[in-house]
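Asker: following is a predicted model, sequence given first.
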Number of protein chains: 2
Amino acid sequence: MSAFEYTQIAREKNLDELKEFLSLPTISTLSAHRADVQRGAEWVAENLRAMGMEHVEIMPTGKGKGQPLVYADWLHADDAPTILVYGHFDVQPVDPLNEWRTPPFEPTIVDDTIYARGASDMKAQTLAVMKALEALLKTDSLRVNIKVIIEGEEEVGSPNLASFLRAHKRKLECDVALNCDSQMASKDLPSIVYGLRGLCYFEIWVQGPAQDLHSGLFGGSIHNPAQVLCDLISGMHDAHGRVTLPHFYDDVRVLSDDERAELARLPVTNESWANAAGVSELWGEKNFSVVERTGARPTLEVNGLYAGFIGEGSKTVLPAKAMAKISTRLVPNQRPEKIKQQFENYMRMHAPNTVRWSVELLASGEPVLLNRESRFVRAAKDALQETFGVAPVFQLLGWSVPVTNSLNDELGVDVVVMGFGLADDGTHGPNEHFYLPNFYRGIEGYARFFEHAAKISN
Amino acid sequence: MSAFEYTQIAREKNLDELKEFLSLPTISTLSAHRADVQRGAEWVAENLRAMGMEHVEIMPTGKGKGQPLVYADWLHADDAPTILVYGHFDVQPVDPLNEWRTPPFEPTIVDDTIYARGASDMKAQTLAVMKALEALLKTDSLRVNIKVIIEGEEEVGSPNLASFLRAHKRKLECDVALNCDSQMASKDLPSIVYGLRGLCYFEIWVQGPAQDLHSGLFGGSIHNPAQVLCDLISGMHDAHGRVTLPHFYDDVRVLSDDERAELARLPVTNESWANAAGVSELWGEKNFSVVERTGARPTLEVNGLYAGFIGEGSKTVLPAKAMAKISTRLVPNQRPEKIKQQFENYMRMHAPNTVRWSVELLASGEPVLLNRESRFVRAAKDALQETFGVAPVFQLLGWSVPVTNSLNDELGVDVVVMGFGLADDGTHGPNEHFYLPNFYRGIEGYARFFEHAAKISN
């Protein structure tokens, strides 16, 4: 039996496993779900063990304070290349829960689509690469050496991964890394990602009075910290949609004309993008296309706002403090450390003396630009072309997968970024979903990649 | 035994009753506490009945949808004036609960101060006037006719009180109303309030994308509704602390020089006010004193802010919507209906086309200016002078007690506003408290007021 025959026969089993995987509430940012994340690691480890991967191990990270990571390998392909496969099994929180049409951890299939938290980001893809390995292993046709790391804290910014890679550099030695946390250009058009945006995620607190006050008694005499916070946030963009942090754009790489032309080939129109987002009108930095604005340009977004009374009804309170979660997306050659300084400088320049404030960096990641010319990228291109019948497009992704640069920087290898999610899968929001045909094509695509990679000589 | 001897003997009993009253969680804005509010009404009714008040009745409001109101009367003083006494037994919510040093519904006495939600706003005062009546009734020395209404929804803006007064106009007929929901100028300096600010309390929603989006995927291409909300709120004040709603100041009554001089007599300095609020520096409209800014000038305050992810850790979400609770304080001759229009006009003028928005008016109340020359005000002045040994000051309060204008407008009588709270009692915030000596002096002050009022001939 060939690996491809195996994947055909295993379709139903693979789908059942996907449902089981998706039913685990592996929310890494909430400490209440710590045991669930551990269960997720055990589930992944057991699955890898059952397919014949070796040295399967649940490894602690961050001196035991981080979330567990699952390691496994299969190293019987002699001189063939060694590929380090990366995925994650943790997911985002589910609030606002009341906007889910089906429970987030009860995977539900409607037509060709499966709904669950983590379906697209990224359990379907993590499982697809695992099932590709299973197909090759079960049919004795795996011809490359494989090392697998599936982590449990990507959704909090992989805070311990770089140090993990550094600590286990020898163990993780490889010729190339495959990062499966990625997406396609559209339902039937695969892509290879050659750049990812970096991240700085801040939490700001503005403190006004010592405690909440009666807004009738003190209103008009005290600088309301919620108002100050709004002033500060409002000032972070100018009228042209540009971020006003001092020197924010200084290090931004300028796109070449060729690159802009290539990005323009992506099947994204203003209309399709507005539809995907559910807005009537787009917004953003002037003189850049939506593909450029979301992939090649840095941004600053408010992720959360809180002050005072937000329950039912009215409470006439002048809040003591106000909070915002704000993240910037970075592009080459911006550096998180500099952005943090710029953010703090902005606060120093603009926060009034009537309040106190604090800024905490909750997560950060470097932007990354990958080698588009490597032999492994060519192998990926061939694999995708054969699977989908069309040549993949090269793409810049808007989000951060800190592991991509960690793999690049810490292990000193090229990274192939190839995944099967879609832009409108609702990742991080309610009703996240995944288009199931691309779960099966993903398995095939990864298997073909391993086959093509086997032909590359060291 | 005189009424004053009675109050001396009853001190301990009265304090026990205060603790019992304060232990009832009569939070009117939260539907989960509806039964507690009903229990509060029953407690008040039973107390009034026990002291000898007559026709004690728990009356529904708002066609049964409002919170209950307690009515009682004692009408055996023949030709002497009839005084309608007003108080409320409902309280504000208690969040942020973790900032309370003692449980909000377990009254705790430290030195001369009692800590509990509602201690100052306004159960101590409601009970003080009740205990004054008790002392006079129990010693056969009540010489005025009394009607009492104690309502259960002042903290949500008394939405059904005006219609209640209108519906029961005959039953509530009186010569003057006494509103006990008020405060002193300082611990030992009583005051009579002659003006109260009005209120418009809004809830705004700004809706961006159809649902929460991944901020990496869509960031830079969609107008973030939290950012739009901040822009809108930021624009609601100018650099001089003035509210920018169109025509907001058009109807504001200008203070006379005499009045400004009188207000300047209040023992409030910038330093004492900053200390009371727990800030290092005050803020507000230029060219007005803090007393003027908080009593005689209109304001706009953010009472609550919400958008996106506000839990522990980081979630890279571009929120679908953002909410603010915003209230304006109004002064004569501003009108809530006009302010609502101005607020909506502001939103129409400034909200961008990239979002949808809604404004809901959650509560409103007219500002009020009372007659300072009436004989009943003189009676109050004498009563306070005798009780405290110092002449009361005349004061403009910053907050809204919609009943004051309702009493004024619906019943067509003067209102005497006399109470015993303090500016730094922490009303509406955590660790609300009341200075107990003024509970006992309040009982005495109200009793003396009823005695002086008895000398006024109709």
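Answerer: That came through fine.

Asker: domain ranges for chain A?
Answerer: Each structural domain of chain A that the record assigns through automatic domain parsing is listed here as a residue range: A:3-196+A:368-453, A:198-252+A:298-365.

Asker: of those, which approaches residue B:390 most closely?
Answerer: Across those, residue B:390 has its closest neighbour in domain A:198-252+A:298-365 (22.5 Å, CB to CB). Glycine gets a C-beta too; all of them are placed from N, C-alpha and C.

Asker: how far away from the center of its chain is that closest one?
Answerer: 24 Å (CA atoms, centre = their mean, to the nearest Å).

Asker: show the end-to-end separation of that domain, please.
Answerer: With CA to CA, to the nearest Å applied, domain A:198-252+A:298-365 spans 5 Å between its terminal residues.

Asker: ditto for stretch A:86-99
Answerer: Stretch A:86-99 has an end-to-end distance of 31 Å (criterion: CA to CA).

Asker: by contact count, what packs against the helix or strand of chain A with the lowest mean pLDDT?
Answerer: Within chain A, no helix or strand scores below helix A:402-411, which has a mean of 84 by mean pLDDT, DSSP states H and E. Here helix A:402-411 is seen to pack against strand A:82-88, helix A:161-167, strand A:176-179, strand A:368-369, strand A:414-417 when contacts are counted using 3 or more CB pairs under 8 Å, 6 or more residues apart in numbering or on different chains; DSSP states H and E.

Asker: worst mean pLDDT among the ones you listed?
Answerer: Looking at the helices and strands packed on helix A:402-411, the lowest mean pLDDT belongs to strand A:368-369 (a mean of 88).

Asker: tell me what it is packed against?
Answerer: With contacts defined as 3+ CB pairs under 8 Å, 6+ apart, the secondary structure elements packing on strand A:368-369 are strand A:191-196, helix A:402-411.

Asker: centre of the chain to that strand, how far?
Answerer: With CA atoms, centre = their mean as the basis, the distance from the averaged C-alpha position of strand A:368-369 to the chain average is 14 Å.

Asker: how about stretch A:451-458?
Answerer: The gap between the average C-alpha position of stretch A:451-458 and the chain average comes to 28 Å, counting by CA atoms, centre = their mean.

Asker: buried ones in it, by neighbour count?
Answerer: For stretch A:451-458, a neighbour-count test (16 or more other CB atoms under 10 Å in any protein chain shown) marks A:451, A:452, A:453, A:454, A:456 as buried.

Asker: what's the answer for stretch A:311-330, then?
Answerer: Along stretch A:311-330, these residues count as buried under the neighbour rule (16+ other CB under 10 Å): A:313-330.

Asker: ok, back up a step: how far off strand A:82-88 does the least confident helix or strand of chain A point, in degrees?
Answerer: Helix A:402-411 and strand A:82-88 meet at an angle of 150 degrees, taking axes from the mean of the first three to the mean of the last three CA atoms, to 10 degrees as the criterion.

Asker: can you map out the helices along the stretch 151-300 of chain A?
Answerer: When assigned using DSSP state H, counting those that start in this stretch, the helices of the stretch 151-300 of chain A occupy the ranges A:161-167, A:215-218, A:225-234, A:257-263, A:270-277, A:290-295.

Asker: which ones are touching the residue of chain A positioned farthest from its centre?
Answerer: Distance from the C-alpha centroid of chain A, by CA atoms, centre = their mean, peaks at residue A:217 (46.9 Å). Listed by CB atoms under 8 Å, 6 or more residues apart in numbering or on different chains, the contact set of residue A:217 reads B:294, B:398, B:399, B:423, B:427.

Asker: relative to residue A:199, how far out is it?
Answerer: Computed as CB to CB, to the nearest Å, the residue A:217 to residue A:199 distance reads 42 Å.

Asker: go on, residue A:390?
Answerer: In this structure, residue A:390 and residue A:199 are 31 Å apart, going by CB to CB.

Asker: endpoint to endpoint, stretch A:148-160 covers what distance?
Answerer: Taking CA to CA, stretch A:148-160 runs 17 Å from one end to the other.

Asker: for stretch A:422-433, same thing?
Answerer: With CA to CA, one end of stretch A:422-433 sits 9 Å from the other.

Asker: quick one: that stretch near chain B?
Answerer: Yes. Applying CB under 8 Å from any CB of the partner chain, one finds stretch A:422-433 touching chain B at A:423, A:426, A:427, A:428, A:429, A:430, A:431.

Asker: for the first one, what is the enclosing helix or strand?
Answerer: Residue A:423 is part of no helix or strand, with elements assigned from DSSP states H and E.

Asker: for the residue of the stretch 1-150 of chain A at minimum distance from chain B, what are its contacts?
Answerer: Nearest residue of the stretch 1-150 of chain A to chain B: residue A:29, at 3.7 Å (CB to the nearest CB). Neighbouring residues of residue A:29 by CB under 8 Å, 6+ apart: A:92, A:93, A:155, A:156, B:311, B:312, B:313, B:314, B:315.

Asker: in helices only, show me those residues.
Answerer: Assignment to helices by DSSP state H places none of those there.

Asker: just those residues now: which is nearest residue B:147?
Answerer: Each of the contacts of residue A:29 was scored against residue B:147 by CB to CB, and residue B:311 proved nearest at 50.5 Å.
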